[in-house]
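Colleague: Structure for this input, please:
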Amino acid sequence: MIRPGLFHRHLYMVLGALLGLIPISIAMWITGETSFGTQSLASPEGFRFLMWSVISGIGGSWVAAWTWAVASRRLPLSLAAQLLVSEVIFGLIYGFIHEDRGPSVEEWTGATLMISGVLPAIHFAQRKRLPVVNPVQRA
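Modeller: Okay, here's the model as predicted:
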């Protein structure tokens, strides 16, 4: 069974991808370029680059947006906001892998402070809430 609003969400994601692709395509058409840097899109390496770009775009954009939407609907706001810190931390990790280096002291300190701020928030959100007793009802 298809939910009524599901089609529109997918339509907006496709529309967003097309809005990014149209200016690039127009610029390539105007300039007559069929390559990115030294790689021609007609070569096997260029085609492999294009396919990995498409796979990365779908995996990194559409899947990430979908999982974020699911998490933000199912989690309380106080926990959903903590997910943003994980995005920054994983971005740092991937950046360090790309640069083939470890974090500096300042980067370690910043990441540690961010994580140490998230852990208490998760702990407090998981604690069971005590019922609020109205003082008027006690008497």
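Colleague: which residues of this protein fall in helices?
Modeller: 6-31, 44-57, 64-74, 77-80, 83-99, 105-126, 135-138 (DSSP state H).
Colleague: Export the ones you listed as JSON lines, with columns for mean neighbour count and mean pLDDT.
Modeller: Bear in mind the C-beta positions are built from the backbone N, C-alpha and C, glycine included. JSON lines is the format used below for the helices of the chain (neighbours: other Cβ atoms under 10 Å; pLDDT from 0 to 100):
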{"stretch": "helix 6-31", "mean neighbour count": "11", "mean pLDDT": "70"}
{"stretch": "helix 44-57", "mean neighbour count": "12", "mean pLDDT": "78"}
{"stretch": "helix 64-74", "mean neighbour count": "12", "mean pLDDT": "79"}
{"stretch": "helix 77-80", "mean neighbour count": "12", "mean pLDDT": "79"}
{"stretch": "helix 83-99", "mean neighbour count": "12", "mean pLDDT": "89"}
{"stretch": "helix 105-126", "mean neighbour count": "12", "mean pLDDT": "89"}
{"stretch": "helix 135-138", "mean neighbour count": "6", "mean pLDDT": "58"}
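Colleague: end to end, how far does stretch 76-89 reach?
Modeller: End-to-end span of stretch 76-89 (Cα to Cα, to the nearest Å): 21 Å.
Colleague: quick one: the spatially most central residue of the chain and Glu45, what's the gap?
Modeller: What sits nearest the mean C-alpha location of the chain, by Cα atoms, centre = their mean, is Ala64, with 4.8 Å. From Ala64 across to Glu45, the span is 27 Å (Cβ to Cβ, to the nearest Å).
Colleague: cool, Val54 as well?
Modeller: Per Cβ to Cβ, Val54 is found 15 Å from Glu45.
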